[in-house]
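Enquirer: The sequence isn't on hand, but the structure is:
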């Protein structure tokens with residue numbers, strides 16, 4: 001906005017609706033954010049639904065209680081397309097998740113901890129994790145879920161999260177047909193009203209299409225799906241981090257002096273024999 005001594009103080013008309021653009025791709029453009037929630041089955045836009053979201057809390061993977069729950073959990077395969085890795089999932093129960101110390105309210109005060117149901121997924125992986133963390137050969141991701149375990153078992157929660165990719169075409173169609181990604185009003189209630197009108201129009205079209213061509217009266221019979229247990233990981237997975245630290249403090253070169261070819265890997269906290277096999281700890 002122009003500024004000079006002979007000009008009045010600038011007033012941004014979009015201050016209640018949006019914010020100035022960041023210094024990247026849309027430098028200087030007015031930016032605003034809106035959230036649209038769509039029902040996966042009918043493609044109708046809805047006001048509110050229980051959520052399933054990825055939980056980005058790296059410290060959870062270092063929590064002794066969380067690792068103990070992972071170790072004692074029963075894992076079941078996640079139904080998939082199968083176009084990606086074969087995941088399994090388990091329910092970690094209710095956990096208290098603390099906010100990051102840098103996450104603050106607008107007034108600078110800290111957020112309160114949140115108690116929420118947490119679901120974990122895993123699959124074998126070598127190398128670094130693209131999401132979550134690789135723990136002893138398995139990539140583990142955690143999700144916060146606002147759904148009852150009786151209604152949504154852990155495998156269904158994970159399948160629903162990764163199935164969100166199938167909805168992307170509908171979001172693109174909404175942008176193309178309704179054009180709601182633009183400023184209609186510089187007054188926030190006016191912008192929200194325009195969004196509601198557009199999404200309501202979409203829902204009315206869906207209802208009209210249902211009336212014009214209703215589905216068959218005889219519904220297909222759904223087959224009940226049974227959970228299949230995943231026993232691919234060893235029973236000791238993940239290994240106890242406290243025990244691993246204690247093992248790393250021992251004098252392995254001295255203890256293995258009379259065992260040529262044997263070695264202790266300080267990074268993975270594993271003892272290997274002369275043939276390279278990892279020895280499982282049985283007694284402490």
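Expert: That came through, no problem. No experiment lies behind these values; they were computed from the predicted model shown. Residues are numbered from 1 along each chain as shown.
Enquirer: Every contact and neighbour count from this point should use C-alpha atoms.
Expert: Will do.
Enquirer: Tell me how the chain divides into domains.
Expert: 52-164, 239-284 (automatic domain parsing).
Enquirer: just these: most buried one?
Expert: Of all the domains of the chain, domain 52-164 has the most neighbours on average by mean count of other CA atoms under 10 Å, namely a mean of 16.
Enquirer: for that one, how far is the first residue from the last?
Expert: Using CA to CA, to the nearest Å, the end-to-end distance of domain 52-164 comes to 10 Å.
Enquirer: On the pLDDT front, check residue 229 for me.
Expert: Residue 229 carries a pLDDT score of 94 in this model.
Enquirer: can you pull up the bridge partners for it?
Expert: Note on residue 229: beta-bridge partners by DSSP bridges are residue 76.
Enquirer: mind listing what it touches?
Expert: Applying CA atoms under 8 Å, 6 or more residues apart in numbering to residue 229 gives the contacts 74, 75, 76, 77.
Enquirer: and the closest residue to residue 13 other than its chain neighbours, how many neighbours does it have?
Expert: Spatial nearest neighbour of residue 13, excluding adjacent residues (CA to CA, 6 or more residues apart in numbering): residue 186 at 6.2 Å. Using other CA atoms under 10 Å, the number of residues around residue 186 comes to 15.
Enquirer: From residue 74, how far off is residue 186?
Expert: Distance from residue 186 to residue 74, by CA to CA: 53 Å.
Enquirer: ok, so what distance separates the residue nearest the centre of the chain from residue 154?
Expert: By CA atoms, centre = their mean, the chain has its centre lying nearest to residue 54, at 1.5 Å. Using CA to CA, we find residue 54 at a distance of 13 Å from residue 154.
Enquirer: May I ask you to confirm that residue 143 belongs to a strand?
Expert: Yes - according to DSSP: H, G, I helix; E, B strand; the rest coil, residue 143 belongs to a strand.
Enquirer: Check which helix or strand residue 244 maps to.
Expert: Secondary structure assignment for residue 244, by DSSP states H and E: helix 241-248.
Enquirer: hmm, I was thinking of residue 115
Expert: For residue 115, the host element (DSSP H and E) is strand 114-124.
Enquirer: Check which helices and strands that strand is in contact with.
Expert: For strand 114-124, the elements it packs on are strand 88-97, strand 138-145, helix 154-162, judged by 3 or more CA pairs under 8 Å, 6 or more residues apart in numbering; DSSP states H and E.
Enquirer: need these in CSV with mean pLDDT and distance to residue 37, can you?
Expert: Shown next, in CSV, are the helices and strands packed on strand 114-124 (pLDDT from 0 to 100; distance: least, CA to CA, whole Å):
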stretch, mean pLDDT, distance to residue 37
strand 88-97, 94, 24
strand 138-145, 94, 16
helix 154-162, 91, 14
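Enquirer: And the ones you listed: which comes nearest residue 240?
Expert: Residue 240 sits nearest to strand 138-145 of all the helices and strands packed on strand 114-124, at 14.9 Å, using CA to CA.
Enquirer: what angle do the closest one and helix 154-162 make?
Expert: Put simply, strand 138-145 runs at 90 degrees to helix 154-162, going by axes from the mean of the first three to the mean of the last three CA atoms, to 10 degrees.
Enquirer: quick one: strand 138-145 to chain centroid distance?
Expert: The chain centre lies 7 Å from the centre of strand 138-145; the measure is CA atoms, centre = their mean, to the nearest Å.
Enquirer: Could you list every helix and strand in contact with that strand?
Expert: strand 52-54, strand 114-124, strand 133-135.
Enquirer: how close does residue 58 get to residue 140?
Expert: 11 Å.
Enquirer: Quickly list what's touching both of these two.
Expert: 132, 133.
Enquirer: circling back: mind listing what the nearest residue to the residue nearest to the centre of the chain once chain neighbours are set aside touches?
Expert: Distances taken as CA to CA, 6+ apart place residue 143 nearest to residue 54, at 4.4 Å, with adjacent residues excluded. With contacts defined as CA under 8 Å, 6+ apart, residue 143 is in contact with 52, 53, 54, 55, 118, 119, 120.
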